[in-house]
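Participant: A structural model of the following input is requested.
(chains A and B)
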Amino acid sequence: EAQVTQNPRYLITVTGKKLTVTCSQNMNHEYMSWYRQDPGLGLRQIYYSMNVEVTDKGDVPEGYKVSRKEKRNFPLILESPSPNQTSLYFCASKRPGNTEAFFGQGTRLTVV
Amino acid sequence: AQSVAQPEDQVNVAEGNPLTVKCTYSVSGNPYLFWYVQYPNRGLQFLLKYITGDNLVKGSYGFEAEFNKSQTSFHLKKPSALVSDSALYFCAVRDLGGNTPLVFGKGTRLSVIA
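Facilitator: Numbering: from 1, shown residues only, chains lettered A, B, ... in the order given. Next up is the predicted model:
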């Protein structure tokens, strides 16, 4: 089954403790991206990657890092999480060009 | 810069009645438009898209959307709402000509009442 898989689905952590949210897709998509969803703000893009070893900042990249060492994986790294990064995070992948994106199930992160 | 506006935070409709969820957009070039739906505790699911061609686009679950270039709108419609259509709906836009990311609206929560 074609899918985008995020782990973990839920995470509660403390301020400053480094964490990684993994994202993997099995559709051989070149393009992957991370979004955060906050009430009243919709989805905002954090980072995206056009292909392996190519990453770029989205609208809200501060406090986040990403890497794209292989095509299927696009982890989101929070080196020093803060409470304002409490949010619902989505990973997405798509083929190049004007194609629709496929989304993961989401990761609900709480930073206390 | 691209932008999307969904003017209604919440839309309530009775089951069996037609529904409309509004979306207006702004892009510098030609738009590439999407609708996604999010059910509780789920990721976003693609409903339909418009690139070029017929202004009325048909999508999943009986939904359709009408592209109106003069009004820069892409409203989502369904002739007869179901309770199971209750969800959060997102409109998104991308500039067709550029290498730009997809920009989402803030979402509209649709509630269909039996």
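Participant: Skip the chain neighbours and tell me the closest residue to residue B:45.
Facilitator: When the adjacent residues along the chain are set aside, residue B:45 lies closest to residue B:37, with 5.3 Å between them (CB to CB, 6 or more residues apart in numbering or on different chains). In short, each C-beta sits where N, CA and C put it, glycine included.
Participant: burial measure for that neighbour, as a count.
Facilitator: Taking other CB atoms under 10 Å in any protein chain shown as the neighbour definition, residue B:37 ends up with a count of 22.
Participant: wouldn't it be in contact with residue B:86 here?
Facilitator: No: because the distance of 10.2 Å does not satisfy CB atoms under 8 Å, residue B:37 is recorded as not touching residue B:86.
Participant: helix, strand or coil for the residue nearest to residue B:45?
Facilitator: Reduced to three states with DSSP: H, G, I helix; E, B strand; the rest coil, the structure at residue B:37 is strand.
Participant: From residue A:40, how far off is it?
Facilitator: 18 Å (CB to CB, to the nearest Å).
Participant: same question, residue B:28
Facilitator: Using CB to CB, one gets 26 Å for the distance from residue B:28 to residue A:40.
Participant: So which of those two has more stuff around it?
Facilitator: When residue B:28 is set against residue A:40 and neighbours are counted by other CB under 10 Å, the residue ahead is residue B:28, at 11 against 7.
Participant: And the pLDDT for the more buried one?
Facilitator: Turning to residue B:28, the model gives it a pLDDT of 85.
Participant: Run a quick check on it versus residue B:95, I expect a contact.
Facilitator: Yes: in terms of CB under 8 Å, residue B:28 counts as a neighbour of residue B:95; the distance is 6.0 Å.
Participant: for chain B, what are the low-confidence residue spans?
Facilitator: Where chain B drops to pLDDT under 70, the residues are B:97-99.
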